[in-house]
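K.L.:
Sharing a sequence plus its predicted fold:
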Amino acid sequence: MKIHPAAQVAPAARIDDSAEIGPFCVVGPDVTIGPGTRLLAHVFADGPLTIGAENVFYPYSTVGVAPQDLKYRGERSETRIGDRNQIREFCTIHRGTEGGGGLTRVGDGNLLQAYAHVAHDCVVGSHCILAHGATLGGHVIVEDYAVVGAHCGVHQFCVVGGHAYVGGYSVITQDVLPFALVVTERGAKTFGVNKVGLERRGFAKAEVQALHKAFRILTKSGLNIDRAVERIRAEAPDGEHLRRVLEFIEKSQRGFVK
């Protein structure tokens with residue numbers, strides 16, 4: 001394996017022969033690094049931590065470090081990183097806490113741009129983008145293909161639904177519906193469906209139109225949530241993606257951004 005002589009790697013660390021550890025990296029004893037993963041330089045990796053295959057960690061990123069939670073008392077918790085992620089400069093990913101399930105998890109194929117922060121007990125799905133300076137409070141869930149824009153703050157325990165797009169500098173204190181386009185203007189608002197993103201991912205025109213109709217009912221009709229859902233079920237064409245939105249509403253614990 002390629003370990004730079006200026007790196008500090010604990011003898012107990014488990015590193016695949018094809019991985020690369022660059023200069024001035026620090027790798028702790030309870031760390032597993034999979035094939036093809038590269039720590040370019042000045043990366044700090046602390047365990048318990050499992051990193052999959054073909055990830056790239058850029059300089060000054062930290063992964064698996066203790067959470068910023070005053071309730072944390074050093075109990076064993078862990079971080080799991082999937083495959084083919086890009087973790088850019090100065091990103092921070094903290095391991096879980098006992099009260100939050102003990103696990104912080106990042107899926108596959110994600111891009112975490114510079115200074116993004118993934119706090120304790122967060123779950124980031126696959127093919128997501130956390131733009132420059134995006135910040136996830138503890139216990140946040142970001143579902144697959146979601147985009148969290150630059151310098152956004154996502155409150156603890158919120159869920160950002162799949163394929164949603166959160167515009168830059170937004171402050172998210174409630175759940176974000178799947179497929180939604182959400183931007184803060186002195187309070188977060190849903191402006192409709194993430195049309196461009198869905199078209200890029202091959203969604204059929206009819207599917208986008210059905211979601212658009214449902215979102216107009218939710219955000220423009222003036223109905224309360226229960227009556228809006230009834231109207232959607234009666235008027236909007238049924239489909240897999242629409243059912244996903246309605247299931248998301250039913251499960252939401254904090255309400256969602258209208």
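P.N.:
Looks like it arrived, so ask away. Numbers count the residues shown, from 1 in each chain.

K.L.:
can you map out the helices along the stretch 151-258 of the chain?
P.N.:
Here the stretch 151-258 of the chain has its helices, by DSSP state H, counting those that start in this stretch, at 195-200, 205-220, 225-235, 240-251.

K.L.:
next one: the first one to chain centre, how far?
P.N.:
Okay, so that is helix 195-200. Averaging C-alpha positions (C-alpha atoms, centre = their mean, to the nearest Å) puts helix 195-200 19 Å from its chain's average.

K.L.:
Averaged pLDDT, stretch 214-233. What do you get?
P.N.:
For stretch 214-233, mean pLDDT is 88.

K.L.:
hmm, I was thinking of stretch 190-208
P.N.:
Here the average pLDDT along stretch 190-208 is 87.

K.L.:
CA atoms only for it, dumped as CSV, please.
P.N.:
Output of stretch 190-208 as CSV, limited to C-alpha atoms (Å, rounded to 0.1, in the frame of the first residue of the first chain):
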residue,chain,number,x,y,z
THR,A,190,-41.5,25.7,-1.1
PHE,A,191,-41.6,27.3,-4.6
GLY,A,192,-42.7,24.2,-6.4
VAL,A,193,-41.2,21.0,-7.9
ASN,A,194,-37.4,20.7,-8.6
LYS,A,195,-38.3,20.5,-12.3
VAL,A,196,-34.8,20.9,-13.8
GLY,A,197,-33.3,18.3,-11.5
LEU,A,198,-36.1,15.8,-12.2
GLU,A,199,-35.8,16.2,-15.9
ARG,A,200,-32.0,15.7,-15.7
ARG,A,201,-32.6,12.4,-14.0
GLY,A,202,-35.0,11.1,-16.6
PHE,A,203,-38.4,11.7,-14.9
ALA,A,204,-41.3,11.5,-17.4
LYS,A,205,-43.1,14.7,-18.2
ALA,A,206,-46.4,13.3,-16.9
GLU,A,207,-44.7,12.4,-13.6
VAL,A,208,-43.4,16.0,-13.2
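
K.L.:
And the contacts of it?
P.N.:
Contacts with stretch 190-208, where a contact means C-beta atoms under 8 Å, 6 or more residues apart in numbering, come from 145, 147, 163-165, 176-177, 179-183, 211-212, 215-216, 218-219, 237, 239, 241, 256-258. Bear in mind the C-beta positions are built from the backbone N, C-alpha and C, glycine included.

K.L.:
Give me whichever of the helices of the stretch 151-258 of the chain is most buried.
P.N.:
Stretch with highest mean neighbour count among those: helix 205-220 (a mean of 17; mean count of other C-beta atoms under 10 Å).

K.L.:
how big is the angle separating that one from helix 225-235?
P.N.:
Orientation check (axes from the mean of the first three to the mean of the last three C-alpha atoms, to 10 degrees): helix 205-220 against helix 225-235 gives 150 degrees.

K.L.:
any idea of the angle helix 205-220 forms with helix 240-251?
P.N.:
Relative orientation of helix 205-220 and helix 240-251, computed by the same axes, to 10 degrees: 30 degrees.

K.L.:
Report the distance from helix 205-220 to the chain centre.
P.N.:
25 Å.
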